[in-house]
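>>> Below are the sequence and a predicted model for it; my questions follow.
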Amino acid sequence: MRAARVALGALGVAGVVWGGWLLRDDGIDRLQSTALWLVGVVVLHDAVLAPLVVALGVVAVKVLPRNHRALAAVVFLVWATVTLAVANVLSGLGGKPGMDSLLNRPYVSAWLVLTGLVVVGVVVTAALRARPRRARAPHP
Amino acid sequence: MRDIVGAIDERIPRPNDFTSPARGTRTAARLGILLGSCIGICFVTGLWSHFQYTSPGWLPIGPDPAWLYRVTQGTHIATGTAAIPLVLVKLWSVYPRLFRRSRKQGIRHLVAGGLERASVGLLVAAVLFQLVTGSLNVVQWYPWSFSFRATHEAVAFVAVGALLTHLAVKLPLVRIALRNPVDDRLSLASDGPSRRAVLVGAGSASALAVLLTAGQTVPFLRRVSVFGVRDGDGPQDLPVNRTARAAGAIEGATDPAFVLELRNGDRTMRLTRAQLEALPQRTHRLPIACVEGWSRNATWTGVAIRDLLALVGADPASVVRVRSLQTRGAFSASELPADFAADSRTLLALQLNGETLNLDHGFPCRIIAPNRPGVLQTKWVTSLEVTA
């Protein structure tokens, strides 16, 4: 176990060093840009995205009935992470003028339909769960 | 000063302030296995693409199977997309650890703690960097000044290296976490989601993200993949990755005086498009596949490169330098390795899906070879030169 961990660690350090070595010919401009994006994505996650999710959780606890919170949290998890996974096409950025075979779907409309389906699904499920159950007939 | 630092510290949350029992090692370890698998496949398939671009002598990559590049690069983008929900939920599961303070005093513990944070920071930075830059490359948006291809390769090694180091450090914790059941009574009784629900949610989001985007390379998903970067359509039923206008190739390609030049040492031959059409034609169904994860099969008709090489007395298994008429952008020339040049399916295509090549697909003639990256299927070809 210890030997395996040491080997894994050594291989990992070698990978990191090799990755850094591959950037050795980059000029200062390119390295600065790489560093900016490496740090930027962490700051974006740790200081913006994660606190936003925590804040939404705090609001959800205050607003949602206790028995609906788990469902809402999991549905939000799926909806939010899928949205971020397709944020590249939703952003409207990229593509090139005159290139009609790239980014040629109605992405925002598709996302609105997906979001609408999620909202309807959650509301219907919550309504069904909130309906009082019929009292069972007593056993003879 | 100490009071001010203390007051700020008081306002920063502690790990215990995050009350969801679904966070923590048992969730993180299981997500880590899924995420690590995606990153591993993504790394190997990405590396494969670099090998196909650079054709290293120690790894002879041939034209068979014709679909290999298509499958590896489709898998590269699919696993990268699948990793996005997984990494977000993984980071959510360990987020409270960002706020832990070392209880132990002393410079040694401070340095050790700092190193651990730095290694995790490097891992998170490298993985997020790869996913963000990769997904922007797919939509061809480059808001940075580094070279995407070179930097994406370098940071991939950093990411995988940092991942292996992280695994080496956390292995004992992972083993304990996996030995314990996913959920216990405490988490089931809570009013938030259970660990199992979070894991199922993350897996479902990951699968859904792939399903909604993979249609650009998996034909039967085309209608379902509403977030696919390409719907598969384009001139002559094939998408275009770079137009003739963007490549500055319109003038040269539409010049009535166009001739293709064949060179083998001091033997040179010039052929008009009409003369190329008069040569024996071959038709093959071959995929065109791109590192950005899209691919599509098409029917190509043209002259086999080996037949053209014979016209200038060259061996069919020659290395051929292919030059394009394009005046702008990268990959204006490519090198066809001997194995590809000798394969009778490698064509100088004149027709696509039964029609004369569209200008955006490389009119007057283009290279199409089995198992080759799209950018090396040079369009608007002006010369073929035997180099070895």
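On my side now, so go ahead.
>>> For the closest residue to B:Val375 other than its chain neighbours, give me its contacts.
In space, B:Val375 comes closest to B:Phe331 once its chain neighbours are excluded; the distance is 4.6 Å by C-beta to C-beta, 6 or more residues apart in numbering or on different chains. Where you see a C-beta, it was placed from the backbone N, CA and C, and this is true even at glycine. Shown in contact with B:Phe331 (C-beta atoms under 8 Å, 6 or more residues apart in numbering or on different chains): B:324, B:375-376, B:378.
>>> and if you look at A:Val54?
Counting by C-beta under 8 Å, 6+ apart, A:Val54 touches B:18, B:95.
>>> now it: how far from B:Ser93?
13 Å (C-beta to C-beta, to the nearest Å).
>>> same check, this time on B:Phe227
Counting by C-beta to C-beta, the gap from B:Phe227 to B:Ser93 is 26 Å.
>>> now do B:Val198
In terms of C-beta to C-beta, B:Val198 sits 7 Å off from B:Ser93.
>>> Identify the contacts common to those two.
B:22, B:27.
>>> tell me the contacts of the residue nearest the centre of chain A?
Most central in chain A under C-alpha atoms, centre = their mean is A:Thr81, positioned 2.6 Å from the mean C-alpha point. By C-beta under 8 Å, 6+ apart, the residues touching A:Thr81 are B:84-85, B:88-89, B:202, B:205-206, B:209.
>>> what's the most distant pair in those?
B:Val89 and B:Ala209 (12.0 Å; C-beta to C-beta).
>>> From the contacts of B:Phe331, list just the buried residues.
Buried by 16 or more other C-beta atoms under 10 Å in any protein chain shown: B:324, B:375-376, B:378, out of these.
>>> Make JSON lines out of those residues and add distance to B:Gly36.
Shown next, in JSON lines, are the buried ones among the contacts of B:Phe331 (distance: C-beta to C-beta, whole Å):
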{"residue": "B:Ser324", "distance to B:Gly36": "41"}
{"residue": "B:Val375", "distance to B:Gly36": "30"}
{"residue": "B:Leu376", "distance to B:Gly36": "31"}
{"residue": "B:Thr378", "distance to B:Gly36": "38"}
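>>> Sort out for me which of those residues are in strands.
Among these, the subset assigned to strands under DSSP state E consists of B:Ser324.
>>> how about low-confidence regions in the chain?
Going with chain A. A:132-140 (pLDDT under 70).
>>> try chain B instead
In chain B, residues with pLDDT under 70: B:185-190.
>>> got a list of contacts for stretch B:198-210?
Identification of contacts with stretch B:198-210 by C-beta under 8 Å, 6+ apart yields A:74, A:77-78, A:81-82, A:85-86, B:22, B:27, B:30-31, B:34, B:38, B:78, B:81-86, B:89-90, B:93, B:182, B:193.
>>> Could you do stretch B:381-388 as well?
Taking C-beta under 8 Å, 6+ apart as the rule, stretch B:381-388 contacts B:252, B:258, B:260-265, B:305, B:308-309, B:312, B:314, B:318-325, B:335, B:338, B:348, B:362, B:365-367.
>>> Contacts only, for B:Arg97.
B:Arg97 neighbours (C-beta under 8 Å, 6+ apart): B:Pro15.
>>> State the distance from it to chain A.
B:Arg97 sits 11 Å away from chain A, going by C-beta to the nearest C-beta, to the nearest Å.
>>> can you confirm that residue is in a helix?
Yes - per DSSP: H, G, I helix; E, B strand; the rest coil, B:Arg97 lies within a helix segment.
>>> What are the contacting residues of whichever strand or helix holds A:Ala127?
Following DSSP states H and E, the helix or strand that holds A:Ala127 is helix A:107-130. Helix A:107-130 is contacted from outside by A:67-68, A:71-72, A:75, A:78-79, A:82-83, A:86, A:89-90, A:92, B:226-227, using C-beta under 8 Å, 6+ apart.
>>> List the buried residues of that helix.
Burial within helix A:107-130, assessed by neighbour count using 16+ other C-beta under 10 Å, is assigned to A:107, A:110-111, A:114, A:122.
>>> do the host helix or strand of B:Leu86 and chain A meet at all?
Under the criterion of DSSP H and E, B:Leu86 resides in helix B:68-94. Yes - for helix B:68-94, a contact with chain A is found by C-beta under 8 Å from any C-beta of the partner chain, at B:81, B:84-85, B:88-89, B:91-92.
>>> need the next SSE after that helix, C-terminal direction.
Following helix B:68-94 toward the C-terminus (DSSP H and E): helix B:107-138.
>>> packing partners for that next one?
Packing partners of helix B:107-138 (3 or more C-beta pairs under 8 Å, 6 or more residues apart in numbering or on different chains; DSSP states H and E): helix A:28-43, helix A:87-90, helix B:68-94, helix B:148-179.
>>> Need the winner for burial among those helices.
Neighbour counts (mean count of other C-beta atoms under 10 Å in any protein chain shown) averaged over each of the helices and strands packed on helix B:107-138 peak at helix B:68-94, with a mean of 24.
>>> now the angle between helix B:107-138 and it, please.
140 degrees (axes from the mean of the first three to the mean of the last three C-alpha atoms, to 10 degrees).
>>> orientation of helix B:68-94 relative to helix A:28-43 in degrees?
Helix B:68-94 and helix A:28-43 are oriented at 50 degrees to each other (the same axes, to 10 degrees).
>>> what packs against helix B:68-94?
In terms of contacts (3+ C-beta pairs under 8 Å, 6+ apart), helix B:68-94 is packed against helix A:50-63, helix A:69-85, helix B:25-54, helix B:107-138, helix B:195-211, strand B:282-289, strand B:295-304.
>>> Try it again at 7 Å.
Where contact means 3 or more C-beta pairs under 7 Å, 6 or more residues apart in numbering or on different chains; DSSP states H and E, helix B:68-94 is packed against helix A:69-85, helix B:25-54, helix B:107-138, helix B:195-211, strand B:282-289.
>>> who wins for proximity to B:Gly232 among the ones you listed?
Smallest distance to B:Gly232 across these (C-beta to C-beta): 11.6 Å, for strand B:282-289.
>>> Tell me how far the closest one lies from the chain's centre.
21 Å (C-alpha atoms, centre = their mean, to the nearest Å).
>>> How about residues contacting it?
B:66-67, B:69-70, B:73, B:238, B:295-301, B:304, B:344-345, B:347, B:368, B:370, B:374, B:377 (C-beta atoms under 7 Å, 6 or more residues apart in numbering or on different chains).
>>> ok so, going back, dump the helices and strands packed on helix B:107-138 into JSON lines; add distance to B:Gly62 as well.
Shown next, in JSON lines, are the helices and strands packed on helix B:107-138 (distance: least, C-beta to C-beta, whole Å):
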{"stretch": "helix A:28-43", "distance to B:Gly62": "34"}
{"stretch": "helix A:87-90", "distance to B:Gly62": "34"}
{"stretch": "helix B:68-94", "distance to B:Gly62": "9"}
{"stretch": "helix B:148-179", "distance to B:Gly62": "23"}
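>>> and B:Ala244, which of these is closest to it?
Among the helices and strands packed on helix B:107-138, helix B:148-179 comes nearest to B:Ala244, with 23.0 Å by C-beta to C-beta.
>>> is chain A contacted by that closest one?
Yes - with C-beta under 7 Å from any C-beta of the partner chain as the criterion, chain A is reached by helix B:148-179 at B:151, B:153-155, B:157-158, B:160-162, B:164-165, B:167-168, B:171.
>>> from these, which single one is nearest chain A?
For the residues of helix B:148-179 next to chain A, the closest approach to chain A (C-beta to the nearest C-beta) belongs to B:Gly161, at 2.5 Å.
>>> follow-up on the earlier one: most widely separated two among the buried residues of helix A:107-130?
Most distant of the buried residues of helix A:107-130, by C-beta to C-beta, are A:Tyr107 and A:Val122, 22.5 Å apart.
>>> Please spell out which residues along stretch B:47-67 are buried.
Those would be B:47-50, B:52-53, B:55, B:61, B:63, B:66-67, for stretch B:47-67 by 16+ other C-beta under 10 Å.
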